[in-house]
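[1] my questions concern the predicted model and sequence given below.
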Amino acid sequence: MRPASSPPRLLVANRGEIACRIIRGARDEGWHTIAVYSEVDRTAPHVMMADEAHGVGAAPSPESYLNATRILDVAARTGATHVHPGYGFFSENAEFAQAVVEAGLCWIGPPPHAVRSMGDKVAARTAAEKAGVPLIPGSPPLGKPDEAIETAARIGYPVLIKAAFGGGGKGMRLCHTPEELVQALALTRGEAGRSFGNDTIFLERALLKARHVEIQVLCDAHGHGVYLGERECSIQRRHQKLVEGTPCLVLTPEIRRAMGEAAVRLSLGIGYVNAGTIEFLLDEDGSFYFLEMNTRLQVEHPITEQVTGIDLVRAQLHVAQGEPLPFTQEEIVPRGAAIECRIIAEDPAAGFLPASGPILWARLPEGPGVRNDVGFETGGEVSVHYDSMIGKLITFGNDREEARQRMLRALREYVIEGVRTNLPFLEWVLAHPEFVAGHTYTRFVEDHFRSEDLRRPDVDALATLIAAVAAHRDRTGHGGASVSTRSDPAPAGDPLAPRPSAWKTRGWR
Amino acid sequence: MKFVIQLGDQERILDVEGDRDRFRIAGDDGDRLLQWSNLGHGRHLIVVDGRSHFARIHRGGAGEYTIEVEGRQTAVRAFDEISARASRAQQEVRGAAGPAEVLAPMPGTVIQVLVSEGDSVDQGQALFTIEAMKMQNEIAAPIAGVVRGLRIEPGQAVEARFKVCRIEP
């Protein structure tokens, strides 16, 4: 038996940057941390960082990070007292949450019934309606294609088809005409059935110039809830968020309060406890509509932490223990601005194809106003088995422009060698005149981005020079191993030491 | 030594001279000076016009180099003049009439196969969808033609550069 005074023992049922983030939060509280890992993650940062780590199976997620039996077995063997799911994997799985609770452990997240009610998007809309939260004109679950066409005519094109159990941008399609709708219906149903195990779908009017604005809420087990400001996440590709910021430039204090209060009302209405996020679409006229609720810690939570000074992971640990919220709504006063960029292993110049492979070298940006939440390091590997989002770069400043300038600077400092990333794309976003002006909306990338925008003739010219010299060296016997080597041999002595330079002796400079 | 350097559809001729680590490169827009140091671990320090860059050089076969510099991986082909001429001749033989090989662009799982053996397809027409890292991607026909040698089915796991089929014009 552990003595009563020993610290809580937290099992983190996740990997990558979010596992590291949670381990750090728990350690800041003096908790003991337990990591789990799949075979390919044996030396991953979250494993090395935790107080102890245990293997839970092979690389594919269903055999490891989604293997409930193995994870609960590790929890039992290690004497875990708490389980944090992070995001993705088990985070919005009510059955797993229930199993954790039934095993006598504390689940760091909302009660299973709240996860369940918000996981079903149709039920979520009903709950929102009941709490007086405005909804986008839409439909109940749909049966035959004919019914969809009639409904679409009633709510007006363009419409979005959505999978009732979808999320993260999957199972959603935009249709401008009845013909497109018919085609998309079958596709969406198929994808929904395959991905979410349920092919229920419904329709919603599509708001094409709207911003994605979401409210962070935090509720305790005593019926109190607060909102911690908003995050604008309009910069998306295929409904995947890429750049997030707070505050949202166009939100007036009145609208912010109305959204915040609606979010808290909805959360308390369904008996929500812990951190959660209510997503809205904010239309050009200032009206806002409920999109969905994410019953977990969000990827983009750090920007809220930077402007509110509240550590959301630690707040989660506290409220999960049954402690009351330590602050009132009036005491939450966001200060300054923050931006987050998601660093994704993909090739933005080639249709954003996912990339994988070894990280040969990494150097993270530093300096004033910069925070890195990452789950990789030099010598690691980006595996095809998991999410290609490998880290997050967060910058903050007194206002959005300061945060933006710092983000541009930090993106240019960022080095990842060996794997292609979306860093060039992120730089494009942050430097785009429309982004600078704050003219952001959910179709920003779709409307503005062309892959030619990433061309850099100066880098092409440099690469050409380097290739010419490499070819020359290969032919004159200086190139190291001839073909298909990934590295030249290490040099003797200090390569950077000053030499009697031909640049001088031959008058090159 | 003179090299023909191809980058995309651009081609330049560069004349390189120099010893171990200092090179003069003559091109049609004048001379450039390049300083080269091996740093170990596959990294190089490249100095051009007073600016320092870290670079990696990934060598493929047949004069292919992928130069990783300034956060980008740029695929370049470098031939000495003789092999450049040979390669160009080969391309002309294959020419517009040759079949195009369709490869899996990444490791992943085939979700849908949208064409059948013997189908005629247009350039840019979707051939199959592949899921990797939770994203589905459509792979399009590189040229117009007839699908031959199709060897994938839904649910199949494929490696990067797996030969999916040929398109015969």
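    Ah, there it is.
[2] okay, now A:Tyr37: neighbour count?
    The number of residues packed around A:Tyr37, counting by other Cβ atoms under 10 Å in any protein chain shown, is 21. No exception for glycine: its C-beta is placed from N, CA and C like everyone else's.
[3] could you find the closest non-adjacent residue to it?
    Counting by Cβ to Cβ, 6 or more residues apart in numbering or on different chains, A:Tyr37 lies nearest to A:Val47, which is 4.8 Å off, once chain neighbours are set aside.
[4] pretty sure the one you found is touching A:Ala53, no?
    Yes - using Cβ atoms under 8 Å, A:Val47 is in contact with A:Ala53, at 4.3 Å.
[5] give me the common contacts of these two.
    Counting by Cβ atoms under 8 Å, 6 or more residues apart in numbering or on different chains, the contacts common to A:Val47 and A:Ala53 are A:Ala35, A:Tyr37.
[6] before we move on, back to that, confirm that the residue nearest to A:Tyr37 sits in a helix.
    Yes - assessed with DSSP: H, G, I helix; E, B strand; the rest coil, A:Val47 lies in a helix.
[7] pull the number of nearby residues for it.
    Taking other Cβ under 10 Å as the neighbour definition, A:Val47 ends up with a count of 20.
[8] from A:Thr304, how far off is it?
    28 Å (Cβ to Cβ, to the nearest Å).
[9] repeat that for A:Phe288.
    The spacing between A:Phe288 and A:Thr304, counted by Cβ to Cβ, is 18 Å.
[10] tell me which of these two has more neighbours.
    A:Thr304 (27 against 22).
[11] summarise which helices and strands the helix or strand harbouring the more buried one is packed against.
    In this structure, A:Thr304 is located in helix A:301-308 according to DSSP states H and E. Contacting helix A:301-308 under the criterion 3 or more Cβ pairs under 8 Å, 6 or more residues apart in numbering or on different chains; DSSP states H and E are the following elements: strand A:225-237, strand A:240-246, helix A:312-320, strand A:337-344, strand A:370-374, strand A:389-397.
[12] in TSV: these, plus distance to B:Arg32.
    Below are those laid out as TSV (distance: least, Cβ to Cβ, whole Å):
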stretch	distance to B:Arg32
strand A:225-237	37
strand A:240-246	36
helix A:312-320	51
strand A:337-344	33
strand A:370-374	34
strand A:389-397	33
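[13] what's the closest of these to B:Gly18?
    Proximity of those to B:Gly18 was assessed by Cβ to Cβ; the nearest stretch is strand A:337-344, lying at 37.2 Å.
[14] tilt between that closest one and strand A:389-397?
    Comparing the axes of strand A:337-344 and strand A:389-397 via axes from the mean of the first three to the mean of the last three Cα atoms, to 10 degrees yields an angle of 160 degrees.
[15] next helix or strand past strand A:337-344?
    Stepping forward along the backbone from strand A:337-344, the first helix or strand reached (DSSP H and E) is strand A:346-347.
[16] check which helices and strands that next one sits against.
    strand A:353-354.
[17] report the rounded mean pLDDT for the strand it packs on.
    For strand A:353-354, the per-residue pLDDT values average out at 92.
[18] which outside residues touch it?
    Strand A:353-354 is contacted by residues A:Ala345, A:Glu346, A:Asp347, A:Val384, A:Ser388, B:Pro105, B:Met106, B:Gly108, B:Ala132, B:Met133, B:Met135, B:Asn137 when judged by Cβ under 8 Å, 6+ apart.
[19] can you add distance to A:Leu282 and give those residues back as a markdown table?
    Written out in a markdown table, the entries for those read as follows (distance: Cβ to Cβ, whole Å):
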| residue | distance to A:Leu282 |
| --- | --- |
| A:Ala345 | 31 |
| A:Glu346 | 28 |
| A:Asp347 | 32 |
| A:Val384 | 36 |
| A:Ser388 | 28 |
| B:Pro105 | 37 |
| B:Met106 | 36 |
| B:Gly108 | 36 |
| B:Ala132 | 33 |
| B:Met133 | 30 |
| B:Met135 | 27 |
| B:Asn137 | 31 |
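[20] please enumerate the strands of the stretch 151-300 of chain A.
    Along the stretch 151-300 of chain A, the stretches classed as strands by DSSP state E, counting those that start in this stretch are A:159-167, A:170-175, A:201-205, A:211-219, A:225-237, A:240-246, A:274-282, A:288-294.
[21] what residue is smack in the middle of chain B?
    Per Cα atoms, centre = their mean, the C-alpha nearest to the average position across chain B is that of B:Ala75, at 5.4 Å.
[22] identify the residue nearest that residue in space, chain neighbours excluded?
    Excluding the flanking residues, the one nearest B:Ala75 by Cβ to Cβ, 6+ apart is B:Thr66, at 5.2 Å.
[23] before we move on, what about A:Val313?
    Nearest in space to A:Val313, with sequence neighbours left out and distances taken as Cβ to Cβ, 6+ apart, is A:Gly25 at 3.1 Å.
[24] and that neighbour, how many neighbours?
    In terms of burial, A:Gly25 registers 24 neighbours under the definition other Cβ under 10 Å.
[25] likewise for the one 4 residues further on?
    Burial measure for A:Glu29: 14 neighbouring residues, criterion other Cβ under 10 Å.
[26] report pLDDT for it.
    On the pLDDT scale, A:Glu29 is placed at 97.
[27] quick one: it and A:Ala315, what's the gap?
    For A:Glu29, the distance to A:Ala315 equals 11 Å [Cβ to Cβ].
[28] now do the same contact list for B:Asp119.
    Taking Cβ under 8 Å, 6+ apart as the test, what B:Asp119 contacts is B:Val146, B:Val147.
[29] which of the contacts of strand A:353-354 lies closest to A:Val374?
    Relative to A:Val374, and with distances defined as Cβ to Cβ, the nearest of the contacts of strand A:353-354 is A:Ala345, at 11.8 Å.
[30] which residues does that closest one contact?
    For A:Ala345, the contact set (Cβ under 8 Å, 6+ apart) comprises A:Pro354, A:Ala355, A:Ser356, A:Val382, A:Ser388, A:Ile390, A:Val419, A:Arg420, A:Thr421, B:Met133.
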